[in-house]
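Undergrad: Below are the sequence and a predicted model for it; my questions follow.
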Amino acid sequence: MILKFYYDGQNNYKSNKSYQPIVKKNEKRSDFDADSYLQEFENDNSNDGMNYNIDKRDKTFDNEFYENATQSTFKNSRLIAKELIHMKIDGRSKVCVKQFIPSPRENYELYNTAEIEPDTLDMIKKHIIQLSDIVNDYKDLIYIHEGAFVGLYGDMKFSKYSDNDSLSKIVDTIDEHFDSSIFLSVRTPIIYRKLENTFKMGGAFNSTSFSSRMGLYNNGLFNGENDCGTYSKNMRESEISFQNRLCLNVPNGGEGVYYSGSNRDQAKYNEFKYADEYARSIHLSYLNGEYDFKLLKIWDQTTGNEIRNRYPGWNTNGRECIGRHLGYRYIIENSKIVNDRYLNIMIKNVGYSPSYKNFDVKLYLVERNNQRQVIPCQVSNDDTRKWENDKSITLKFDLNSIKKQYSYTLLLTLLRNTK
């Protein structure tokens with residue numbers, strides 16, 4: 001699971017008309033349209049014939065709930081929707097702030113993102129602390145948290161809090177309150193390096209934690225030479241080299257973006273062979289599987305020799321091929337017995353990245369005629385974090401406990417280390 005927080009999920013900058021606008025205006029509406037999701041939930045909420053009687057819940061509210069909204073409501077708040085409407089709620093008529101409903105672009109009034117960013121840095125830190133309990137409840141499901149709660153679409157750009165001092169304090173708050181098993185990430189290598197320098201200076205922040213869990217996310221992958229502004233001009237190769245080193249230890253991932261321009265030199269980065277090579281160089285461990293569909297379609301339509309030239313014997317399309325190489329992917333290359341004492345198993349990581357968590361490597365020999373006779377073997381070279389991509393490692397097992405007159409089945413397991 002990838003964790004993202006957006007203050008302005010559908011918001012828009014006036015200066016950039018390509019983004020989806022947010023506030024609908026001039027539409028007549030019936031007295032009350034119940035939330036369709038809630039209706040569906042109430043109608044379907046039964047399990048094995050048990051009805052949980054959600055409709056019978058207490059529907060009484062505090063008196064303040066029935067007070068009408070007024071224009072003054074907008075003065076002391078950062079509401080996205082700024083239109084009032086008469087509605088019936090719990091049998092009463094009241095004035096409310098109109099619910100946002102998606103519709104064609106021409107029906108919207110555009111607002112600037114800065115209008116809905118919190119007024120103070122302390123408010124952002126407070127939000128992080130408030131959410132941390134929920135995040136940590138699901139720590140076993142969350143791989144990485146993207147961003148720092150600020151910027152257009154939560155993407156750490158066009159924000160009044162994008163200066164290094166503010167970001168350092170925000171990241172430090174996330175680091176302190178989000179469980180240490182969850183990786184963190186920032187939008188660009190430049191942001192990473194600035195934060196890294198700050199965390200290493202003066203002892204105000206936890207530099208050890210920063211180094212062990214702070215990775216990168218890139219929501220402009222494969223979109224031309226600079227990945228939608230991720231890299232400065234003429235800096236692509238040096239930034240790839242930086243990620244190649246950094247992301248042997250921390251994750252890198254994000255979203256691919258279709259290049260819609262006519263420049264062939266830029267459009268080539270959407271092609272499978274360039275995308276595959278790039279993903280391997282920067283150790284890509286995850287991608288958003290729902291974006292960008294135009295880019296994913298290009299990979300879907302890449303088949304045959306275009307795949308086999310890079311992966312001999314593979315009979316799949318480019319999208320499947322990239323998906324099957326994200327993160328760590330182990331294969332057994334060979335095995336042999338040495339000096340009648342040791343079993344060597346050669347394993348290669350053919351994925352784009354190493355594993356950033358250590359697995360518990362276990363080998364068991366099971367006597368074929370007596371399944372209850374299971375012999376555990378000692379394992380060397382078992383730190384899976386060091387099983388780098390495109391490299392082979394040898395696992396060495398001591399066979400001192402086996403009896404030569406028996407035949408054995410070998411079971412090799414890699415289990416999540418919960419220590």
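TA: Nice, thanks for sending it over.

Undergrad: domains of the protein?
TA: 24-109, 115-323, 330-416 (automatic domain parsing).

Undergrad: Return the most buried member of the ones you listed.
TA: Ranked by average neighbour count under the criterion mean count of other Cβ atoms under 10 Å, the domains of the chain are headed by domain 115-323 at a mean of 17. Yep, even glycine has a C-beta here, placed from its N, CA and C like the rest.

Undergrad: quick one: average pLDDT of it?
TA: Averaged across domain 115-323, the pLDDT comes to 96.

Undergrad: can you give me the helices for the stretch 51-200 of the chain?
TA: Secondary structure of the stretch 51-200 of the chain by DSSP state H, counting those that start in this stretch: the helices cover 72-75, 121-137, 164-177, 189-200.

Undergrad: can I get those in JSON lines with distance to Lys297?
TA: JSON lines is the format used below for those (distance: least, Cβ to Cβ, whole Å):
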{"stretch": "helix 72-75", "distance to Lys297": "43"}
{"stretch": "helix 121-137", "distance to Lys297": "34"}
{"stretch": "helix 164-177", "distance to Lys297": "35"}
{"stretch": "helix 189-200", "distance to Lys297": "29"}
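
Undergrad: out of those helices, nearest to Trp299?
TA: Set against Trp299 and scored by Cβ to Cβ, the helices of the stretch 51-200 of the chain come closest in helix 189-200, at 25.0 Å.

Undergrad: I'd like the next helix or strand past that closest one.
TA: helix 207-213 (DSSP states H and E).

Undergrad: Convert the C-alpha atoms of that following helix to PDB, please.
TA: Extracted in PDB, the C-alpha atoms of helix 207-213 (Å, rounded to 0.1, in the frame of the first residue of the first chain):
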ATOM      1  CA  SER A 207      19.800  11.800  10.900                       C
ATOM      2  CA  THR A 208      20.100   8.000  11.400                       C
ATOM      3  CA  SER A 209      16.400   7.500  10.900                       C
ATOM      4  CA  PHE A 210      16.400   9.800   7.900                       C
ATOM      5  CA  SER A 211      19.100   7.700   6.200                       C
ATOM      6  CA  SER A 212      17.400   4.400   7.000                       C
ATOM      7  CA  ARG A 213      13.900   5.200   5.800                       C
END
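
Undergrad: to the chain's geometric centre, what's the distance from that helix?
TA: 19 Å (Cα atoms, centre = their mean, to the nearest Å).

Undergrad: other SSEs contacting that helix?
TA: Applying 3 or more Cβ pairs under 8 Å, 6 or more residues apart in numbering; DSSP states H and E, one finds that helix 207-213 contacts helix 164-177, helix 189-200.

Undergrad: repeat that for 10 Å
TA: helix 164-177, strand 183-186, helix 189-200 (3 or more Cβ pairs under 10 Å, 6 or more residues apart in numbering; DSSP states H and E).

Undergrad: who wins for proximity to Asn369 among those?
TA: Across these (criterion: Cβ to Cβ), the nearest stretch is strand 183-186, sitting at 46.5 Å.

Undergrad: Just want to check the distance between the residue lying closest to His127 once chain neighbours are set aside and Ser353.
TA: The shortest distance from His127 to any non-neighbouring residue, by Cβ to Cβ, 6 or more residues apart in numbering, is to Phe149 (6.6 Å). Per Cβ to Cβ, to the nearest Å, Phe149 is found 26 Å from Ser353.

Undergrad: now stretch 212-220, how far from the chain's geometric center?
TA: 9 Å.

Undergrad: circling back: same list (the helices and strands packed on helix 207-213) but as CSV, adding distance to Arg92.
TA: Putting those into CSV (distance: least, Cβ to Cβ, whole Å) gives the following:
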stretch, distance to Arg92
helix 164-177, 40
strand 183-186, 46
helix 189-200, 50
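
Undergrad: got the contact list for stretch 228-246?
TA: 155, 157, 187-190, 192-193, 196, 211, 214-227, 252, 254-255, 257, 259, 269, 278, 280-284 (Cβ atoms under 10 Å, 6 or more residues apart in numbering).

Undergrad: what are the ranges of the strands in the stretch 301-419 of the chain?
TA: In the stretch 301-419 of the chain, the strands defined using DSSP state E, counting those that start in this stretch lie at 330-338, 342-349, 359-367, 374-377, 392-398, 408-416.

Undergrad: how big is the angle separating the third one from strand 408-416?
TA: Strand 359-367 and strand 408-416 are oriented at 160 degrees to each other (axes from the mean of the first three to the mean of the last three Cα atoms, to 10 degrees).

Undergrad: what about strand 359-367, average pLDDT?
TA: Strand 359-367 comes out at a mean pLDDT of 89.

Undergrad: for it, the distance to its chain's centre please.
TA: With Cα atoms, centre = their mean, you get 32 Å for strand 359-367.

Undergrad: cool, the fourth one as well?
TA: The gap between where strand 374-377 is centred and where its chain is centred comes out at 38 Å by Cα atoms, centre = their mean.

Undergrad: So what are the sheet partners of it and their directions?
TA: strand 359-367 (antiparallel) (DSSP bridges).

Undergrad: Narrow the contacts of stretch 228-246 to those in strands?
TA: If you go by DSSP state E, the contacts of stretch 228-246 have 214-221, 252, 254-255 in strands.

Undergrad: got CSV for those, with distance to Glu367 too?
TA: Below are those laid out as CSV (distance: Cβ to Cβ, whole Å):
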residue, distance to Glu367
Met214, 48
Gly215, 45
Leu216, 48
Tyr217, 49
Asn218, 51
Asn219, 53
Gly220, 56
Leu221, 50
Asn252, 44
Gly254, 49
Glu255, 50
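
Undergrad: separation between Thr302 and Tyr311?
TA: 12 Å.

Undergrad: Overlap in contacts, those two.
TA: 276, 321.

Undergrad: about what we covered before: and of the strands of the stretch 301-419 of the chain, who's closest to Glu176?
TA: Closest among the strands of the stretch 301-419 of the chain, once you apply Cβ to Cβ, is strand 408-416, at 25.1 Å.

Undergrad: Just the C-alphas of stretch 393-413, formatted as PDB.
TA: Output in PDB follows, covering the C-alpha atoms of stretch 393-413 (Å, rounded to 0.1, in the frame of the first residue of the first chain):
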ATOM      1  CA  ILE A 393      24.800 -14.700  -4.400                       C
ATOM      2  CA  THR A 394      25.600 -18.100  -3.100                       C
ATOM      3  CA  LEU A 395      23.800 -19.600  -0.100                       C
ATOM      4  CA  LYS A 396      26.000 -22.100   1.600                       C
ATOM      5  CA  PHE A 397      24.300 -24.900   3.700                       C
ATOM      6  CA  ASP A 398      26.100 -27.300   6.000                       C
ATOM      7  CA  LEU A 399      24.800 -30.800   5.300                       C
ATOM      8  CA  ASN A 400      26.500 -32.400   8.300                       C
ATOM      9  CA  SER A 401      23.200 -33.600   9.800                       C
ATOM     10  CA  ILE A 402      22.000 -35.600   6.800                       C
ATOM     11  CA  LYS A 403      22.200 -39.400   6.400                       C
ATOM     12  CA  LYS A 404      23.600 -40.400   3.000                       C
ATOM     13  CA  GLN A 405      21.400 -43.500   2.700                       C
ATOM     14  CA  TYR A 406      18.200 -41.400   2.600                       C
ATOM     15  CA  SER A 407      16.700 -39.200  -0.100                       C
ATOM     16  CA  TYR A 408      15.600 -35.700   0.800                       C
ATOM     17  CA  THR A 409      13.400 -33.000  -0.500                       C
ATOM     18  CA  LEU A 410      14.900 -29.500  -0.100                       C
ATOM     19  CA  LEU A 411      12.600 -26.600   1.000                       C
ATOM     20  CA  LEU A 412      14.000 -23.100   0.800                       C
ATOM     21  CA  THR A 413      11.800 -20.300   2.300                       C
END
